[in-house]
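J.: Got a sequence here, can you model it:
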Amino acid sequence: MAFAEQRRTSDDTSTKALVMRTGKVNKDETTHEVTIEWSELQPVKKAHLCGHRPMNPCPVYEKTSQTLFLFFICVRGTISERWQRKWGCNKARLCYVKTEDAGQSWSDVTDLTDTLAEIKRWATFAVGPGHGLQTESGTLIVPLYAYAFCSISHALYLYSDNKGETWQFGKELQPHSVECEMAEVCDDTGLRFIYCNARSEGSYRVEACDTPDGFIALQSAEKLVETGKGCQGSVVSFPAQSEDANAEGEPRQKPHEWLLFTHPSSGSERADLGVYLNKCPSNPNAWTKPWIINSGPSGYSDLAYIHDGWFACLMECGEQRETEQIAYKIFSYKEVKQGVGE
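T.: Next comes the predicted model:
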């Protein structure tokens, strides 16, 4: 399932509705190639609050009940994030709808805003955009970012330990971290932790790992360049792949995951979307050089691990500007390995 904002223009304040497409994954048993057969575009009509525009769709899937929660924010009228930050006056609300039948029907909107005291301390906030995750222990995690009244940003997350019945906020990342995505990984010792990759207001991405005391920033190795004034990026974990060319796509015996990251590779403009590989998630020095999967204007992206070493990536791209269309690309770990020069 893929979600996006339907807008009148490329401006953030022009969103009309949230829309979706469902995709059926097909694998050719002869060539082993993977393709996706997409449905027609359709609106998520329940994702709406009167007098507000819905923004930043961020889905998270609860496997036990087979329920997909679609989180988003609803912003009053055409008020911009810049206006909210300037005046310290939040006009965003935290909402979700859910489906148990892959988007054929949706629940009414649940508005969590007044149940979470932290929101009262923020100038504004937003979830995603991108995807959330469910940990091996069952915790649901929705990434978000918030601006304090002094206009300092922090990435953080919303979580539920009871399959989405109740929600609360986790601890914040370091200041000046913005849009983020997270992934659960397991190292060679069997230790599980949450890795976070966030947009920054500096020259390089913010990376962090969680601890019992909150997120600890990983020292930048200057491998993941931030783009101009910043851009959202996507990260996903996946089973460590065999290095045996005859066993491509087969996971190792150890409970160990690697990371894949997508983001514009240019340090000055939203251009040349790159795929980066990290086989040691707690080490920022382990990131490879980027494999460019879209040359030219490239913006926001979102990754998904399908199965058997295959990935799907949604991306903003175009000929003149990155906001011309949302495209997708299917690729394998074998292509990633070749692309990054491993």
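J.: roughly how far is the strand ranked longest in the chain from the heart of the chain?
T.: Of all segments of type strand in the chain, defined using DSSP state E, the longest is strand 291-305. Taking the mean of its C-alpha atoms, strand 291-305 sits 13 Å from the chain's own mean (CA atoms, centre = their mean, to the nearest Å).
J.: pLDDT of it, averaged?
T.: Averaging pLDDT along strand 291-305 gives 98.
J.: Please renumber the chain so that the first residue is 325 from this point on.
T.: Sure, I'll start numbering at 325, so the last one becomes strand 615-629.
J.: between the helix or strand that that strand is followed by and strand 615-629, how many degrees?
T.: Once the chain leaves strand 615-629, the next helix or strand it forms, by DSSP states H and E, is strand 634-641. Strand 634-641 runs at 120 degrees relative to strand 615-629, counting by axes from the mean of the first three to the mean of the last three CA atoms, to 10 degrees.
J.: Flag the shaky bits of the stretch 475-624 of the chain, pLDDT-wise.
T.: 568-579 (pLDDT under 70).
J.: The same query, at a cut-off of 50, please.
T.: Applying pLDDT under 50 to the stretch 475-624 of the chain flags residues 569-571, 575-577.
J.: And the strands in it?
T.: Remark: strands assigned in the stretch 475-624 of the chain by DSSP state E, counting those that start in this stretch are 477-484, 492-493, 501-510, 516-524, 530-535, 538-542, 558-563, 581-588, 595-602, 615-629.
J.: Doesn't Arg409 belong to a helix?
T.: Yes - according to DSSP: H, G, I helix; E, B strand; the rest coil, Arg409 belongs to a helix.
J.: That one touches Ile476, doesn't it?
T.: No - if you go by CB atoms under 8 Å, Arg409 and Ile476 don't touch, sitting 9.9 Å apart. Quick note: C-beta positions are derived from backbone N, CA and C, even for glycine.
J.: between these two, who's got more neighbours?
T.: Arg409 (20 against 14; other CB atoms under 10 Å).
J.: gap between the more buried one and Tyr469?
T.: 12 Å (CB to CB, to the nearest Å).
J.: burial measure for the nearest residue to His478 once chain neighbours are set aside, as a count.
T.: Nearest residue to His478, sequence neighbours excluded (CB to CB, 6 or more residues apart in numbering): Glu496, at 4.0 Å. Applying other CB under 10 Å, we find 18 residues neighbouring Glu496.
J.: which ones are touching Glu496?
T.: Ala470, His478, Ala479, Leu480, Gly538, Phe539 (CB atoms under 8 Å, 6 or more residues apart in numbering).
J.: so what's the fifth one closest to, chain neighbours aside?
T.: Looking back up the chat, that one is Gly538. Lys495 (3.5 Å).
J.: Also the last one?
T.: Excluding the flanking residues, the one nearest Phe539 by CB to CB, 6+ apart is Ala532, at 4.1 Å.
J.: how near is the nearest residue to Lys410 once chain neighbours are set aside to Thr333?
T.: Among residues not flanking Lys410 along the chain, Ser475 sits closest, at 7.8 Å (CB to CB, 6+ apart). Counting by CB to CB, the gap from Ser475 to Thr333 is 26 Å.
J.: The two: who's more crowded?
T.: Ser475 (13 against 9).
J.: pretty sure the more buried one contacts Trp411?
T.: No - with contacts counted by CB under 8 Å, Ser475 stays clear of Trp411, the gap being 10.3 Å.
J.: intersection of neighbour lists for the two?
T.: Common neighbours of Ser475 and Trp411, counting by CB under 8 Å, 6+ apart, are Ala447.
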